[in-house]
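[1] following is a predicted model, sequence given first.
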Number of protein chains: 2
Amino acid sequence: MSGRLVIEGGIVATMEQGDHPLPHGAVAVEGDRIVAVGEREGVLAAYPEAERLDATSCLVLPGFVNAHTHLAMTLLRGAADDLPLRDWLEHHIWPAERALMDPATVALGTRLAAAESLLAGVTCVFDMYFHTETVAEVVAQVGLRAVIGEGLIDYPTPSAPTPADALAAQRRLLERYRDHPLVTAGVAPHAPYSVSAAYLVKEAELAEEFDAPLAIHVAETRWEAETIRKEKGASPVRYLADLGILSERTVAAHCVHVSEEDLDLLAEFGVGVAANPVSNLKLGSGVAPLPQMLARGLRVGLGTDGAASNNTLDLLRDAQLAALLYKGLTGDPTCLPARTVAELLTIGGARALGLDARIGTLAVGKLADIVCLRLDTPHGTPLFDPFAHLAYAARAADVRHVLVGGRLVVRNGALATLDVDGIRAEVAGCLERIRQAASA
Amino acid sequence: MSGRLVIEGGIVATMEQGDHPLPHGAVAVEGDRIVAVGEREGVLAAYPEAERLDATSCLVLPGFVNAHTHLAMTLLRGAADDLPLRDWLEHHIWPAERALMDPATVALGTRLAAAESLLAGVTCVFDMYFHTETVAEVVAQVGLRAVIGEGLIDYPTPSAPTPADALAAQRRLLERYRDHPLVTAGVAPHAPYSVSAAYLVKEAELAEEFDAPLAIHVAETRWEAETIRKEKGASPVRYLADLGILSERTVAAHCVHVSEEDLDLLAEFGVGVAANPVSNLKLGSGVAPLPQMLARGLRVGLGTDGAASNNTLDLLRDAQLAALLYKGLTGDPTCLPARTVAELLTIGGARALGLDARIGTLAVGKLADIVCLRLDTPHGTPLFDPFAHLAYAARAADVRHVLVGGRLVVRNGALATLDVDGIRAEVAGCLERIRQAASA
């Protein structure tokens, strides 16, 4: 959209620090940017000829940022549940990925994931997967903002027979997407236990060369923490710190089994953290110390992880689970209060990904990544505090409109750039192939 | 509906023990009962002239049973969040209830709750509240099945100045609703710490006289467990057992702070348990030992609790949270597998309430309480296991049709018996009164 649009009629929560929700607010968008945020009357007066987007009875807020996911794994949703982690990974997920994930399949899974994400108000993701040139083309086409990192691991992946091939694919992506409106290229070494030290260092060098984000799974399971301690004589975090992998470019996913000293290290290096509460519970991995991370001022966002271990990309559900989980486990109902939950979904995720100068709040000059959530529902009645509504009652299905970079990708609950029925038909066509691959 | 209806085109999960989901099933309903369940072709051939209800691309299963709630508290949704429990209860909720909850307000809150419940696939609730004759009239009118217990407590309630008045109100309800198609009258002493021993005994006698369910909050908080131990020299469960309160009629809500011995006692007396995972987390009360309860063969259902501590009546969300929570806390991803979660939502809740002879599965002769959940969504794609879909991916917003006692109360996502906009307008009219009452 190159014209002007005013989103008006709703309660506007800018998520800028210190701002309170505006009961009668509006947001003006020009091209891909926000050009005005404020009281409805004032914004409408300043942009009298702009097209209007009705957000009556909606909560208008920044798009949600999914700080850690594997989009194309939507195709493996529900293909292998209720299994121990190693069995799940080694006998179901990895064989299925090797058998299935060619560029066409990755494109299909990514389209399905983009549809689900946008309909759930997710406007930006950090995707760590394979065949990333395909992923980049899909998200750019459908209008989902993404940081994309080609997965590098010591074993053959669906797109790279060797780590050297993965490194080459990463470099190609970094060169191609130096300045794209939606796609940011990054690198994605899998984990401290699955990537050799030499390649971890190469990854960090590549990230530094391009000043690119580096995503890595860190301390996801007790097994990983114990294995690294046994083999390297240090915690996974300390091991990565000593190798020189940790920096402000790092987005460390999971960080479940971390000590106080590990948290200090993450803070010292300014690492961004992507917490994945649903996936960590579902796989029996445990609970990350999110309140302690926030208390240290770490840049923390939330991730769904892949749909094979969640089983959705509904980040709001992850945020609401986190809001409840930490209250119950600490015995402190004031832990992770509603506004903090709203921040984790938006500006928190943007900070974790190093994108907070461009997205994460509704502010003049920022990219127009905006969600309008319906409030005229039974579960939205009565409404006293928009943040409490978001943290404890709202649902992905309440998403009415979504803009990404000023482009209206969801309007009145319908996708503008994707055809769900068509995607479903394509998935149905490879259902047996997925089933066989996942039960190998 | 006195005619015949065939629900056809979906996957039918009867939830009868040993049954597997029927990929091409149908359910025939006559009056308020199920008269056939089976393969689609066979059922259609047996009822060729029946009206048809399209459940194409749906999962058809028994209605969800919310084993513990306080319906009218929807009006206090979000009025006081992120507060320590005693402050929340004593300075916000109780004063608000005393100031607000007259019969008209209870009727409004109950209508709002019924709308939310039915739209979320909940067909039966155990409601523990005040002005229960009003509650009974509302649920009967809108078509929600309910066990209803007038709350009895040592202090004045919104409907009873003294416990004796509450007891009298309970008896009136028990006499009036001896044989109602939707309403079962019960009694509801509040908790071991808030009702004197003499009245607890009177409650048990009344329940025995009418062979009626008795709901009571038990061992919800550490404070309660410690207080009862100090004052009575026993755990809350042991104290109630010694008083003669526990029986197969008892529905014990919460049971968070219970020992192995307490669980043995609950099993010995055949007590039904209503676990409230979301509410217990949100108020910082802790986590009930649900896997241990199931291992002992206790009759366990799930409850949302009131919307002031949840903040929704979306039982599916509670079930999904439980599915994740216990895996994460036990470190065992096989804990609470998907089918168990589906059972907790349906037949488990029915068993906990002593209604499993009438509801909880799709079987010939049972009451036609049925939910059709849409599967043709991004998050429903692909679909390998209907139970995994229910446990990890489905949403309340997927509810397409709902029948209660054969009456089609939700059709294509729209309520047949309630007007949400009208209810919202009424709630808007008393918003300031609620706000003031809750911040007193």
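    Happy to help now that I have it. Residues are numbered from 1 along each chain as shown, chains lettered A, B, ... in the order given.
[2] outline the domain layout of chain A.
    If you go by automatic domain parsing, the domain ranges for chain A are A:4-62+A:364-415, A:64-352.
[3] pipe those domains into a markdown table and attach distance to residue B:355 and mean pLDDT per row.
    No exception for glycine: its C-beta is placed from N, CA and C like everyone else's. Output for the domains of chain A, formatted as a markdown table (distance: least, CB to CB, whole Å; pLDDT from 0 to 100):
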| stretch | distance to residue B:355 | mean pLDDT |
| --- | --- | --- |
| domain A:4-62+A:364-415 | 25 | 97 |
| domain A:64-352 | 28 | 97 |
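[4] reformat those domains as TSV; add mean neighbour count.
    Compiled in TSV, those are given as follows (neighbours: other CB atoms under 10 Å in any protein chain shown):
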stretch	mean neighbour count
domain A:4-62+A:364-415	21
domain A:64-352	22
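[5] can you add distance to chain B and give those domains back as a markdown table?
    Rendered in a markdown table, the data for the domains of chain A read as follows (distance: least, CB to the nearest CB, whole Å):
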| stretch | distance to chain B |
| --- | --- |
| domain A:4-62+A:364-415 | 3 |
| domain A:64-352 | 3 |
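[6] can you put these in CSV and add distance to residue B:211?
    Shown next, in CSV, are those (distance: least, CB to CB, whole Å):
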stretch, distance to residue B:211
domain A:4-62+A:364-415, 34
domain A:64-352, 36
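[7] among those domains, which is nearest residue B:20?
    Residue B:20 sits nearest to domain A:64-352 of all those, at 15.9 Å, using CB to CB.
[8] and that closest one, how far apart are its ends?
    Domain A:64-352 has an end-to-end distance of 13 Å (criterion: CA to CA, to the nearest Å).
[9] cool, stretch A:373-385 as well?
    Span of stretch A:373-385 from end to end, CA to CA: 14 Å.
[10] which of the domains of chain A sits closest to residue B:281?
    Ranking these by proximity to residue B:281 (CB to CB) places domain A:64-352 first, at 3.1 Å.
[11] distance between that closest one and the chain's centre?
    In this view, domain A:64-352 has its centroid 8 Å away from the chain centroid, taken as CA atoms, centre = their mean, to the nearest Å.
[12] what of stretch A:379-396?
    With CA atoms, centre = their mean, you get 22 Å for stretch A:379-396.
[13] and stretch A:27-36, by the same measure?
    Counting by CA atoms, centre = their mean, stretch A:27-36 comes out at 23 Å from the chain centroid.
[14] any idea which element the most centrally placed residue in chain A lies in?
    In chain A, the centroid-proximal residue (CA atoms, centre = their mean) is residue A:66; its distance is 1.5 Å. Using DSSP states H and E, residue A:66 sits within strand A:64-69.
[15] re the thing from before, bridging across strands, which residues link to the residue nearest to the centre of chain A?
    residue A:125, residue A:302 (DSSP bridges).
[16] my guess is residue A:22 contacts residue A:39. True?
    Yes: the pair residue A:22 and residue A:39 passes the contact test of CB atoms under 8 Å, sitting 6.4 Å apart.
[17] give the contact list for the residue nearest to the centre of chain A.
    Applying CB atoms under 8 Å, 6 or more residues apart in numbering or on different chains to residue A:66 gives the contacts A:117, A:122, A:124-126, A:302-304, A:313, A:315, A:349.
[18] verify the stated contact: residue A:227 with residue A:191.
    No: the pair residue A:227 and residue A:191 does not pass the contact test of CB under 8 Å, sitting 10.3 Å apart.
[19] secondary structure class for residue A:107?
    Three-state call for residue A:107 (DSSP: H, G, I helix; E, B strand; the rest coil): helix.
[20] gap between it and residue B:380?
    Distance, residue A:107 to residue B:380, using CB to CB, to the nearest Å: 20 Å.
[21] thinking again about what came up before, and residue B:289, which of the domains of chain A is closest to it?
    Per CB to CB, nearest to residue B:289 of these: domain A:64-352, 13.4 Å.
[22] can you give me the neighbour number for residue A:425?
    By other CB atoms under 10 Å in any protein chain shown, the residues close to residue A:425 number 11.
[23] who are the packing partners of the strand or helix carrying it?
    Using DSSP H and E, residue A:425 sits within helix A:420-429. When contacts are defined as 3 or more CB pairs under 8 Å, 6 or more residues apart in numbering or on different chains; DSSP states H and E, helix A:420-429 sits against helix A:103-119.
[24] many thanks, I have nothing further to ask.
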